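> Need a 3D model of the following:
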Amino acid sequence: MLYYYTLLQSFLTKPLKREEGATAVEYGLMVAAIVAVIVTLVFTLGGYVKDAFTDTNTAWNTGAP
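So this is what the prediction gives:
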């Protein structure tokens, strides 16, 4: 039991690794890529979604089944 306590204590007292500038740049590139994909999907699928809502709204207002 003392062994595990000592192991846990040494693990918790180790200094944490600091992230450097290169990793921050990589995170920024990943965020930019994700944003580009989302923007592309919105512009690609936006018309389809708008048409679906328009059709649903028209059907609702006319009382069509």
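> and Ala32, what does it touch?
With contacts defined as CB atoms under 8 Å, 6 or more residues apart in numbering, Ala32 has no neighbours. In short, each C-beta sits where N, CA and C put it, glycine included.
> Tell me where the protein has helices.
Under the criterion DSSP state H, the chain contains helices at 2-13, 21-62.
> For the chain, give me the ranges with low pLDDT.
The chain contains residues with pLDDT under 70 at 15-22, 64-65.
> Closest to the centroid, which residue in it?
Ile34 (7.5 Å; CA atoms, centre = their mean).
> What's the separation between it and Leu41?
With the distance defined as CB to CB, to the nearest Å, Ile34 ends up 11 Å from Leu41.
> Leu2 too?
Applying CB to CB to Leu2 and Leu41 gives a distance of 56 Å.
> Between the two, which has more neighbouring residues?
Shown here are Leu2 and Leu41; by other CB atoms under 10 Å, Leu41 has more neighbours (10 against 6).
> measure Gly28 to Val35 for me?
Separation of Gly28 from Val35 (CB to CB) stands at 11 Å.
> Done for today, thanks.
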